[in-house]
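> need a structure here:
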Amino acid sequence: MSDYVIPEPEPKPIDEKLSMELQILASNAVLRGHPSGDEKCGNCRYYLDETADLSYCWHPKLRILVGENWWCQWWEEIPASS
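All right, here's what the predicted structure looks like:
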């Protein structure tokens, strides 16, 4: 058996950089972790997989993983199928 001990996880500089970038993105996008009335990521046209609790938002100004019940200022209704 090995004597190797797994070290406690610690944030790396890249983690801190990405966290700061996401905070800036969230504040610029008015990205919130809760719906705004009936508007939420899960019923937005940019939510890639409407059956998932977490999915990719493909809006050009976000392009990040978001929660179904989140909301942002770029919410758009899913267009009716023709």
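> pLDDT of the helix or strand containing Leu18, averaged?
Element membership of Leu18 [criterion: DSSP states H and E] is helix 13-29. Across helix 13-29, the average pLDDT comes to 85.
> ok now that helix, how far from the chain's centre?
Relative to the chain's own centre, helix 13-29 is displaced by 12 Å; criterion: Cα atoms, centre = their mean, to the nearest Å.
> Ile78 contacts Leu48, doesn't it?
No: if you go by Cβ atoms under 8 Å, Ile78 and Leu48 don't touch, sitting 11.9 Å apart. No exception for glycine: its C-beta is placed from N, CA and C like everyone else's.
> in the sheet, who's paired with the residue sitting nearest the centre point of the chain?
Nearest residue to the geometric centre of the chain (Cα atoms, centre = their mean): Val66, 2.4 Å. Assessed by DSSP bridges, Val66 has beta-bridge partners Ser55.
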